[in-house]
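Trainee: Here is my input, please return the structure:
(chains A and B, ligands or ions: 2)
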Number of protein chains: 2
Amino acid sequence: MYDSKKTFIKKANIISPFRAILFFYVVAIIFSTILLSLPFAYKEGADPAFIDVVFVAVSAISVTGLTPITISETFNEIGYILLAIVLQLGAVGIMALGTFVWIILGKKIGLKERRLIMTDQNQTQFSGMVRLVKQIFLVLFVIEFISFVILGTYYLRYFPLNEAYLNGFFSTISAISNGGFDITGSSLIPYKNDYFLQFYTIILIIFGAIGFPVLIEVKEYLFSKKRNRVFFRFSLFTKLTTLTFLILIVFGTIFIFLLDMNQFFVGKPWHEKFFYSFFQSVTTRSAGLSTMDVSQLTEQNHLFMSFLMFIGASPSSAGGGIRTTTFALVVIFIFTYARGGDSIHLFKREVHKQDLVKAVVVTLLAIFVAYTALIVLTAIEPFSVTELFFEITSAFGTVGLSLGITSELTTFSKIILMVLMFIGRVGIVTALFMFKRNKKGGNYHYPKERIIIG
Amino acid sequence: MYDSKKTFIKKANIISPFRAILFFYVVAIIFSTILLSLPFAYKEGADPAFIDVVFVAVSAISVTGLTPITISETFNEIGYILLAIVLQLGAVGIMALGTFVWIILGKKIGLKERRLIMTDQNQTQFSGMVRLVKQIFLVLFVIEFISFVILGTYYLRYFPLNEAYLNGFFSTISAISNGGFDITGSSLIPYKNDYFLQFYTIILIIFGAIGFPVLIEVKEYLFSKKRNRVFFRFSLFTKLTTLTFLILIVFGTIFIFLLDMNQFFVGKPWHEKFFYSFFQSVTTRSAGLSTMDVSQLTEQNHLFMSFLMFIGASPSSAGGGIRTTTFALVVIFIFTYARGGDSIHLFKREVHKQDLVKAVVVTLLAIFVAYTALIVLTAIEPFSVTELFFEITSAFGTVGLSLGITSELTTFSKIILMVLMFIGRVGIVTALFMFKRNKKGGNYHYPKERIIIG
Ligand SMILES: [K+]
Ligand SMILES: [K+]
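Mentor: Ligands and ions are numbered 1, 2, ... in the order given. Predicted structure coming up:
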């Protein structure tokens, strides 16, 4: 079976999955732009500029949520539903393709941990993947349907029937896809004191941002027979990304609070202090929804949140950024080096050197890209460096938070942000390999590293 | 001979050179603070705060040049000479110690290229090093004396005899040590149209910033017999650091010009455009002297110059930052990875993996330190993020350029900048190892990497 797999991989040119993602992305953007340009999707009198429609399309396909126009003022109910479809496509499409690439490259390297997600080793490679993608869709749709019913019903306390379920539908998609768009015109600010809704939204956000391999492993675990559970081993990847995700949320909550302790949080009751900090920490992982106008926070907090957004979500999730695993490996790499070690052991497994190299390259390249973008935007925009850096990291992390400058940016800046959203969403390494020439027998060796890092 | 060397190294605990640098640094700061506190060093009426004297002492020992007080308004002629002595101590002291550490660790790894700087392989380790340090001093003092005579004589066109030679003396020390202090009160701005002086200063700056191993190799080359020159091979280190240094200067000149083409440089004649860009590019390597008020440049140029200052000078030089070699290795590392390669070849030599790891760790740690410092300073200072980041990278790169905020900073911020100057000067890896516990037989292995990287 292993031999036939290797043959398959040799036949399917290793570069083509990257090209497939690029192709999907371009087609999806064109499709979304057309969809969001349909005249009956607009409110009466709304007439957004073409660049802004393209921007919203890119933003939705990359599930970022940055928008130069107010969704609720531009689109009608049909527009909301179309936008939700595009978000769904963006969240699942690249994720499914990403998982596909990940399996091909991952299997090729042959790390045993990663085989777990292939539920039946006797199936052929292709049908295994088809089954996996089906699983992804199934898990997602089941969760979304349940959530739509729960949220729609819950919204009855705020809205009449139709509106309640429309909000339930859109909120579910926006949260679980980490899309971050809103039809309230002010994100979750109207629900700033509704802690149930916030907590529920956080759960949905985490579903979308924690990575699909994790969800599938958890499902495998839950559905395995009781007596087999003892022997069930979660993969190194699942352990690492989940732990990092949780640490970042806790760490983020604490520092967001500390950096505004003497400013924004002064005089607020403890539950507001906690929920504002907690929600904004979670949202920087990738979601972009917010329970407050983040521009009210201090500049130091904006810089800190930029750092969080730059890291982004887990690989193979609906999020962007350098990814939690990349960040974790870089931190561990530095600590290991400082202790004089030369190999990294996590959860009783040794981390592959090539994964470390990749994590480091992703991080350094992303810093270079973000800083270059900052210099360029500073040169052409009148806004402060912090406002621009926040926008840049928000786009790269496909988060969608903004200090309110998106609508006032020049077309050129909007294009830069679109590129950042694209790079952030597909991952910087994937983006890099898309544009490599596929020279046969040339001097270049295409890298054998797996896609899971960035 | 090799065996006895190994024994020597085992006996001399490998951590002690780092401790030696720390010890030297602390003693030197105390000594300099006392020296610069002597009442007869001050102009009448000058009474700087203690923190500011400490700041100037740290700034001078780390040859940075940042100062919260105007040197020419505070110190008299005696003060100038004392300051020059401290600069000399800072430039040579750490450099000599750094070279010492570099030789111990470098020899231990045993790269043949690096043995070149040991002129007589038959000498014992210790006498070889003593001889090397003597060479450093000799080269430096000869150059300085010649320069003092040339510059002093040249200054006769601006000043009366005594003042001319005092200026010649201080300018020589300040430029060659990359100290960046000035006694004009406005750096080299009074000589903004004197291109001879500027060009001459650039030569002195490069002497100080290009790294002593390079100078010694060049001296070896020049003093070797004609018929042997054909066989003389410059070390990989010398080739890499010199090339990077030159590329950074050219690249810096071009971009500094481009980023202010439509602002500061508008309407200026070509020679001003060139010399302003060229001089400011050179000075970001480490010198800190300037021919203009850099705050007149655009914000995007400040961000770009921050990037240049963050890189800094060559290892084992009078400069700071992550160092040119570190930057070069990181860039090459990224390019190699993107091409799918797994080993780096430069000038027909393979780069050691541990050097790459170190370069990457240095860069990532330095970025983390600088960004953390930025968040902290933003929280406590009223200045813009760009002004603060410029100050931070200037301190870390021991450059000494400022957008004019140094004197207005709080004591806490000054302490942070002092720490940054220290870290930047001794190198971030050295700084890291200084505080490691020297556990015997413990779990830690002290790293075997050479000091040349950061
Ligand atoms: K988002
Ligand atoms: K300097």
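Trainee: Please say whether there is contact between stretch A:65-77 and ligand 1.
Mentor: Yes - residues of stretch A:65-77 contacting ligand 1 under C-beta under 5 Å from the ion: A:Gly65. Quick note: C-beta positions are derived from backbone N, CA and C, even for glycine.
Trainee: show me what contacts A:Ser171?
Mentor: Counting by C-beta atoms under 8 Å, 6 or more residues apart in numbering or on different chains, A:Ser171 touches A:Leu151, A:Tyr155, A:Thr201.
Trainee: Strands along the stretch 301-450 of chain A, start to end?
Mentor: Remark: strands assigned in the stretch 301-450 of chain A by DSSP state E, counting those that start in this stretch are A:345-346, A:349-350.
Trainee: Let me see the mean pLDDT of the last one.
Mentor: This points to strand A:349-350. For strand A:349-350, mean pLDDT rounds to 74.
Trainee: and it, which strands flank it?
Mentor: Here strand A:349-350 is paired, per DSSP bridges, with strand A:345-346 (antiparallel).
Trainee: Check the offset of the strand it pairs with from the chain's centre.
Mentor: Distance of strand A:345-346 from the chain centroid (C-alpha atoms, centre = their mean, to the nearest Å) equals 26 Å.
Trainee: Name the residues that touch it?
Mentor: Here strand A:345-346 makes contact (C-beta under 8 Å, 6+ apart) with A:Leu236, A:Lys239, A:Leu240, A:Ile332, A:Val351.
Trainee: Chain B contacts on the stretch 1-150 of chain A?
Mentor: Contacts of the stretch 1-150 of chain A with chain B, taken as C-beta under 8 Å from any C-beta of the partner chain, are absent.
Trainee: Please, where are all the helices along the stretch 1-150 of chain A?
Mentor: A:2-11, A:16-35, A:50-61, A:71-74, A:77-109, A:112-115, A:125-154 (DSSP state H, counting those that start in this stretch).
Trainee: lowest-confidence stretch among those?
Mentor: helix A:112-115 (a mean of 36).
Trainee: Quick one: low-confidence residue ranges for the stretch 351-454 of chain A.
Mentor: Counting by pLDDT under 70, the ranges of the stretch 351-454 of chain A that qualify are A:433-454.
Trainee: Do a quick rundown of the helices in it.
Mentor: A:353-380, A:385-396, A:411-426, A:428-434.
Trainee: now, of these, which is deepest in the fold?
Mentor: Of all the helices of the stretch 351-454 of chain A, helix A:385-396 has the most neighbours on average by mean count of other C-beta atoms under 10 Å in any protein chain shown, namely a mean of 27.
Trainee: Setting aside sequence neighbours, what's the nearest residue to A:Val360?
Mentor: B:Val360 (5.2 Å; C-beta to C-beta, 6 or more residues apart in numbering or on different chains).
Trainee: can you pull the contacts of the one you found?
Mentor: Applying C-beta under 8 Å, 6+ apart to B:Val360 gives the contacts A:Val360, A:Leu364, B:Leu329, B:Val330, B:Phe333.
Trainee: Against chain B, how distant is the residue of chain A found nearest ligand 2?
Mentor: Ligand 2 sits closest to A:Tyr371 of chain A, with a gap of 22.9 Å, by C-beta to the ion. Using C-beta to the nearest C-beta, to the nearest Å, A:Tyr371 is found at 7 Å from chain B.
Trainee: from memory A:Asn67 sits against A:Phe181, does it?
Mentor: Careful, residue A:67 is Thr and not Asn. Yes - using C-beta atoms under 8 Å, A:Thr67 is in contact with A:Phe181, at 6.9 Å.
Trainee: So for the two, which sits in the more crowded spot?
Mentor: For A:Thr67 versus A:Phe181, the count of surrounding residues by other C-beta atoms under 10 Å in any protein chain shown is larger for A:Phe181: 29 against 22.
Trainee: Helix, strand, or coil at that one?
Mentor: coil (DSSP: H, G, I helix; E, B strand; the rest coil).
Trainee: Please spell out which residues along stretch A:202-217 are buried.
Mentor: Neighbour counts over stretch A:202-217 (16 or more other C-beta atoms under 10 Å in any protein chain shown) mark A:202, A:204-217 as buried.
Trainee: and the closest residue to ligand 1 within the stretch 1-150 of chain A, how many neighbours?
Mentor: Nearest to ligand 1, among the residues of the stretch 1-150 of chain A, is A:Gly65, at 4.1 Å (C-beta to the ion). By other C-beta under 10 Å, the residues close to A:Gly65 number 32.
Trainee: go on, A:Arg349?
Mentor: Other residues near A:Arg349 number 16, with proximity taken as other C-beta under 10 Å.
Trainee: Next: A:Ile85.
Mentor: Neighbours around A:Ile85, by other C-beta under 10 Å: 14.
Trainee: For chain A, which residue occupies the most central location?
Mentor: The residue lying closest to the centre of chain A (C-alpha atoms, centre = their mean) is A:Gly319, at 0.4 Å.
Trainee: got the end-to-end distance for stretch A:42-57?
Mentor: Using C-alpha to C-alpha, to the nearest Å, one end of stretch A:42-57 lies 15 Å from the other.
Trainee: what bits of the stretch 151-300 of chain A have low per-residue confidence?
Mentor: Low-confidence segments of the stretch 151-300 of chain A (pLDDT under 70): A:227-231.
Trainee: let's see it at 80
Mentor: Along the stretch 151-300 of chain A, the parts satisfying pLDDT under 80 run over A:185-186, A:212-213, A:216-217, A:219-220, A:223-237.
Trainee: closest one to B:Val385 among the helices of the stretch 351-454 of chain A?
Mentor: Among the helices of the stretch 351-454 of chain A, the nearest to B:Val385 by C-beta to C-beta is helix A:385-396 (4.7 Å).
Trainee: near ligand 1 at all, that closest one?
Mentor: No - judged by C-beta under 5 Å from the ion, helix A:385-396 makes no contact with ligand 1; its nearest approach is 8.4 Å.
Trainee: which helices and strands does that helix pack with?
Mentor: Judged by 3 or more C-beta pairs under 8 Å, 6 or more residues apart in numbering or on different chains; DSSP states H and E, helix A:385-396 is in contact with helix A:299-311, helix A:353-380, helix A:411-426, helix B:385-396.
Trainee: Can I get that helix in CSV? Just the C-alpha atoms.
Mentor: Listed in CSV are the C-alpha atoms of helix A:385-396, where the atom choice follows Å, rounded to 0.1, in the frame of the first residue of the first chain:
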residue,chain,number,x,y,z
VAL,A,385,1.7,53.8,12.3
THR,A,386,-0.3,52.0,14.9
GLU,A,387,-3.6,52.3,13.0
LEU,A,388,-1.9,51.0,9.9
PHE,A,389,0.0,48.2,11.6
PHE,A,390,-3.2,47.1,13.3
GLU,A,391,-4.9,47.0,9.9
ILE,A,392,-2.0,45.1,8.3
THR,A,393,-1.8,42.4,11.0
SER,A,394,-5.6,42.2,11.0
ALA,A,395,-5.6,41.5,7.3
PHE,A,396,-2.6,39.1,7.5
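Trainee: Could you check the angle that helix makes with helix B:353-380?
Mentor: On the basis of axes from the mean of the first three to the mean of the last three C-alpha atoms, to 10 degrees, helix A:385-396 is oriented at 130 degrees to helix B:353-380.
Trainee: dump the residue contacts of A:Ala395.
Mentor: A:Thr64, A:Leu66, A:Leu417, A:Met418, A:Leu420, A:Met421, A:Gly424.
Trainee: Alright, calling it a day.
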